[in-house]
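Chemist: Attaching a predicted model along with its sequence, questions to come.
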Amino acid sequence: NITQIASTYASKVSGFLVSIPSYYSESHIKGIQMALDCKNLGEACFVRDNVAVAVDYGYNGNRVGNFDSQSRVVLFVDMGSVATTCTVVRYEKNSMEILESRYIMLGGQDFSSSLCKHIKKLYLEEKSLDGLSPKMLQKMEYQFLNAADKVKCTFASGSIMEASVEIEDLNSDDDFVDVELSKEDVEDVWSGRKGGENLLGQFDELVMHILQSPLLKREVLTSCEIVGCAMRLSCVREHLERCLRAASSVSKVNSSLNMENTVACGAALIAQLYLQEGCLCLAEKEVPMAYELENGRVCHSLRVLGVG
């Protein structure tokens with residue numbers, strides 16, 4: 001996909017800035033560059049998602065004078081599909097500094113998978129999958145996962161306390177199983193009280209690790225911003241607020257950023273202000289890269305922006 005996008009705009013741009021997840025290693029970065037090389041699309045610069053979010057927030061806040069009179073220390077909590085990243089940033093007029101950042105491999109897919117297994121268990125209490133062909137079994141698994149995603153969406157607002165989903169019994173015609181779940185049931189599943197992994201406990205541990213870090217003991221946390229599609233889960237936000245009340249002076253989370261577009265906005269700002277106009281200063285980390293091809297050696301000195 002990245003090479004298709006790059007190919008579309010290759011004749012119109014002088015370089016590429018690629019936003020990457022916080023958990024991407026140098027091997028991932030080199031893999032992306034090799035994909036670009038295969039299409040002769042040139043060398044890219046890279047910026048981690050959490051840096052792009054911090055720049056988007058800081059640029060817009062700086063424009064309206066939010067940091068003119070005093071500094072602000074902001075915790076960004078970003079839960080995407082596969083990982084959660086916590087980043088603490090100090091803002092002052094015309095400057096920002098990332099104080100702490102940490103991630104774990106826990107995301108919306110984990111919550112869907114855990115809930116999917118529980119819904120399947122409830123279904124099997126009433127029906128059997130015996131006798132189904134491999135193709136039908138695959139369709140049933142899709143139904144369980146689709147039901148889990150529907151339940152997640154239902155409880156996203158926090159005001160709804162009950163959810164019900166229908167699952168078709170593929171062993172018989174026109175037969176459905178109604179699976180009913182309360183918000184408490186779902187939180188029990190995600191807390192490991194129904195026998196699975198304690199996903200919410202892992203999330204709490206990450207947040208508390210950040211809030212209790214030595215650096216934050218010398219800073220006063222001003223606010224907490226949430227980013228990422230999985231932060232729509234009301235129980236995740238509630239757990240975050242409990243951690244904030246326990247270990248900081250902040251009690252509520254803010255959702256002033258566009259949860260899905262803020263990374264793209266921050267990356268666009270970096271591309272314009274740093275790469276094009278040169279009026280934004282960012283630290284850089286160099287990632288050397290070299291590999292052999294039949295027609296010669298390929299070398300790159302890749303730049304990861306906002307690191308170092």
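Modeler: Yep, it's here.

Chemist: where exactly do the strands run in the stretch 1-150 of the chain?
Modeler: Per DSSP state E, counting those that start in this stretch, the stretch 1-150 of the chain carries strands over the ranges 16-20, 44-48, 72-79, 84-92, 95-104.

Chemist: In CSV: those, plus mean neighbour count.
Modeler: Any C-beta I mention is one placed from the backbone N, CA and C, and that applies to glycine too. Formatted as CSV, these follow (neighbours: other C-beta atoms under 10 Å):
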stretch, mean neighbour count
strand 16-20, 20
strand 44-48, 22
strand 72-79, 24
strand 84-92, 22
strand 95-104, 17
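
Chemist: Please convert these to TSV, extending it with distance to residue 133 and mean pLDDT.
Modeler: Listed next are the strands of the stretch 1-150 of the chain as TSV, based on distance: least, C-beta to C-beta, whole Å; pLDDT from 0 to 100:
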stretch	distance to residue 133	mean pLDDT
strand 16-20	41	89
strand 44-48	45	93
strand 72-79	37	96
strand 84-92	38	96
strand 95-104	39	93
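
Chemist: Redo those strands as TSV? Include distance to residue 111.
Modeler: Listed next are those as TSV, based on distance: least, C-beta to C-beta, whole Å:
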stretch	distance to residue 111
strand 16-20	23
strand 44-48	23
strand 72-79	9
strand 84-92	11
strand 95-104	13
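
Chemist: so which of the ones you listed gets nearest residue 169?
Modeler: strand 72-79 (34.2 Å; C-beta to C-beta).

Chemist: Packing partners of that closest one?
Modeler: Under the contact definition 3 or more C-beta pairs under 8 Å, 6 or more residues apart in numbering; DSSP states H and E, strand 72-79 sits against helix 49-63, strand 84-92, helix 199-211, strand 223-227.

Chemist: List the buried residues in stretch 221-234.
Modeler: Residues of stretch 221-234 classed as buried by neighbour count (16 or more other C-beta atoms under 10 Å): 221-228, 230-234.

Chemist: do the same with stretch 104-111
Modeler: Neighbour-count burial for stretch 104-111, counted by 16+ other C-beta under 10 Å, picks out 104, 106, 107, 108, 110, 111.

Chemist: got the end-to-end distance for that stretch?
Modeler: End-to-end distance for stretch 104-111, by C-alpha to C-alpha, to the nearest Å: 14 Å.

Chemist: returning to what we had before: if we compare the helices and strands packed on strand 72-79, which one ends up closest to residue 41?
Modeler: Using C-beta to C-beta, the helices and strands packed on strand 72-79 put helix 49-63 closest to residue 41, at 20.9 Å.
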